[in-house]
Structures are given as structure tokens and as C-alpha cells.
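Enquirer: Let's see this in three dimensions:
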Amino acid sequence: MRVGNDEEAARGPRQGNAEWLAGARIVGVLGIFYRPEGRMGEPEAVAFLLDDGQSVLLTCASDGSLHVGAGTWPRLPDWCVPAAQWEYAAMARLPQPPDGGWTVLRTEERRDERGEVDEAVIRCEGGRFVVTGGDTVGIRFTRGHRGAAATT
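Expert: Next comes the predicted model:
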């Protein structure tokens with residue numbers, strides 16, 4: 001599975017259809033936090049770590065839309081300046097991945113009235129991740145059978 005490269009990520013959001021992760025195995029999910037603010041709120045971005053060593057980064061634009069692009073794990077993205085004040089960290093509300101990770105069954109992008117992505121749903125075996133745009137990135141995991149729709 002190819003999610004792009006650092007150069008493409010720097011130019012802007014990933015282009016193409018919403019099936020950008022289908023078949024991938026997620027082995028970790030980390031938030032990117034600005035350390036002086038602590039980890040009390042939502043992360044500034046969310047990185048999905050894949051079993052092939054790649055990562056996918058979901059960030060918010062100034063208009064609150066959600067951008068999806070290639071991640072830079074284990075390096076912080078270039079916009080984390082100064083880098084010493086930023087960190088990847090686990091998020092307490094998310095479950096640990098099962099042995100071997102979560103297999104992505106499909107992804108969906110929900111768009112606002114301007115056509116911008118404002119929510120991404122990553123359906124996996126056993127549940128789904130819902131990532132929302134805004135001032136910061138919101139993320140939640142809901143359990144459901146083989147990625148079926150679950151109540152949130």
C-alpha cells in the first residue's frame with residue numbers, strides 16, 4: 001500500500017479516493033502534542049503507524065478541514081517547530097492494537113458543504129476509528145463487529 005512520500009505530504013492533502021488504507025494493518029495510533037500545553041486536550045495531529053513501516057498523518061488546516069497525507073514516523077513533521085516542544089504520545093482513550101494490529105477493511109471520508117474533508121472513518125476488524133477536523137484533531141474508537149457501523 002502506498003500513501004505517498006514526504007514531498008507529497010508537504011504539498012498538501014493526499015489526493016484520490018477514500019480507500020487510502022484498505023488492506024493495511026495499523027500497529028499503533030499516536031497523537032502529536034505540543035508539550036507546553038500538556039496532553040489534556042486533543043492532539044494537533046494523529047499518526048496511524050502501519051506494519052510496513054509507513055505512517056499516515058491526519059492534521060487540521062486553518063479552516064478546520066481534515067488533511068490526510070504521508071506521515072514521517074518516527075520523525076516529527078516539519079511544522080513541529082521548535083521540535084523539542086513537540087512529541088508523539090499514546091492517547092489514553094484509544095485501545096492498544098491487537099496482536100498483529102488492526103486490519104483496515106475500508107475507509108470513508110465525510111465532506112462539509114464546501115467539499116472539504118471534515119471527518120475520516122477507518123473501519124477495521126473489531127471497530128472503527130473516527131477522526132474529525134476542527135481547531136485540533138478529534139479521534140475516537142468504537143467497537144463493532146468486523147468494522148460494521150457502531151453507535152458512537
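Enquirer: For the protein, which segments count as helices?
Expert: 6-11 (DSSP state H).
Enquirer: So, low pLDDT: which residues of it?
Expert: 1-18, 37-41, 145-152 (pLDDT under 70).
Enquirer: Show me the strands in this structure, by range?
Expert: With DSSP state E as the criterion, the chain has strands at 25-34, 45-50, 55-60, 66-70, 86-89, 102-111, 117-124, 127-132, 138-143.
Enquirer: Save those as JSON lines, and put in distance to residue 76 and mean neighbour count too.
Expert: C-beta coordinates here come from the backbone N, C-alpha and C atoms, glycine included. Listed next are the strands of the chain as JSON lines, based on distance: least, C-beta to C-beta, whole Å; neighbours: other C-beta atoms under 10 Å:
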{"stretch": "strand 25-34", "distance to residue 76": "7", "mean neighbour count": "20"}
{"stretch": "strand 45-50", "distance to residue 76": "10", "mean neighbour count": "24"}
{"stretch": "strand 55-60", "distance to residue 76": "10", "mean neighbour count": "23"}
{"stretch": "strand 66-70", "distance to residue 76": "14", "mean neighbour count": "23"}
{"stretch": "strand 86-89", "distance to residue 76": "5", "mean neighbour count": "17"}
{"stretch": "strand 102-111", "distance to residue 76": "24", "mean neighbour count": "18"}
{"stretch": "strand 117-124", "distance to residue 76": "21", "mean neighbour count": "22"}
{"stretch": "strand 127-132", "distance to residue 76": "19", "mean neighbour count": "21"}
{"stretch": "strand 138-143", "distance to residue 76": "18", "mean neighbour count": "16"}
